[in-house]
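Asker: can you look at this prediction? I've put the sequence above it.
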Amino acid sequence: MQYMRKSFSTIALALIFAITLTACGGGSSTPEESFIEGSGAVTKIDISGRKAAPALSGMTLSGKTFIFNPGQAAVVNVWASWCSPCRAEIPILIELSKQYPTVQFMGILTRDNPATAEAFARRFAIPYPTFIDDSLLIGFKGTLPANAIPSTVIIDKSGNVAARISGEVTLTSLSKLIREIESE
């Protein structure tokens, strides 16, 4: 009888543990394992169908306030330092920010520790500002939401959302979009 109670207790504990793991989305609630990775798909909006981008201003990783003023094209990259595709695409974003000095590049940090992200930004010498308030992402909801990590949104010179790359950018895909938006 005592053996059966021990077995039952062991089985009950194992069942509770299994249910708990399942309820946590695969056994983890860490950002690294619960993010949605994009496929690199490009979505572009015709000029007539574009909507205004949200106001982009706030505190950056460097501790300074930055305000984006429409009037120039912009590239907004949503990233996190723990995200493998984000780490892979950062050299491309840095290179393109140098190739296109008339385009304002910006980052929005999401689901990350600002201190860790700041060290990452310093290590890679990211030359453009990164906002630490990911509530800015809510403003893209009515246009092309940044619903994957990473996501990159291109804003036209009128301040409207023109395109999005959902997932890791490539040099070809992003430079093509920048040239198209710049030439409008």
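Answerer: Right, received. Where do you want to start?
Asker: return the set of residues that bridge with the residue sitting nearest the centre point of the chain.
Answerer: For the chain, the residue nearest the mean C-alpha position is Val78 (2.4 Å; CA atoms, centre = their mean). Taking DSSP bridges as the rule, Val78 bridges to Ile108, Ser151.
Asker: for it, which residues are in contact?
Answerer: Val78 makes contacts with Gly107, Ile108, Thr110, Asp134, Leu137, Ala146, Ile149, Pro150, Ser151, Thr152, Val153, as judged by CB atoms under 8 Å, 6 or more residues apart in numbering. Placement of C-beta: from N, CA and C, glycine included.
Asker: of all the residues you listed, the one with the weakest confidence?
Answerer: Among the contacts of Val78, Ala146 has the lowest pLDDT, at 77.
Asker: where does Val42 land in three-state SS?
Answerer: Following DSSP: H, G, I helix; E, B strand; the rest coil, Val42 is assigned to strand.
Asker: wait, what's in contact with it?
Answerer: Neighbours of Val42 in contact, by CB under 8 Å, 6+ apart: Ala163, Arg164, Ile165, Ser173, Leu177.
Asker: hmm, 10 Å instead?
Answerer: 152, 154, 163-167, 169-170, 173-174, 176-177 (CB atoms under 10 Å, 6 or more residues apart in numbering).
Asker: now swap in Cys86 and tell me
Answerer: Here Cys86 is in contact with 35, 37, 77-80, 93, 107, 109-110, 112, 117, 120, 149-151, 168 (criterion: CB under 10 Å, 6+ apart).
Asker: which among the contacts of Val78 end up buried?
Answerer: Neighbour-count burial (16 or more other CB atoms under 10 Å) is assigned, among the contacts of Val78, to Gly107, Ile108, Thr110, Leu137, Ala146, Ile149, Pro150, Ser151, Thr152, Val153.
Asker: where does the nearest residue to Pro145 once chain neighbours are set aside land in three-state SS?
Answerer: Of all residues not flanking Pro145 in the chain, Leu137 sits nearest, at 7.2 Å (CB to CB, 6 or more residues apart in numbering). What three-state DSSP gives for Leu137 is helix.
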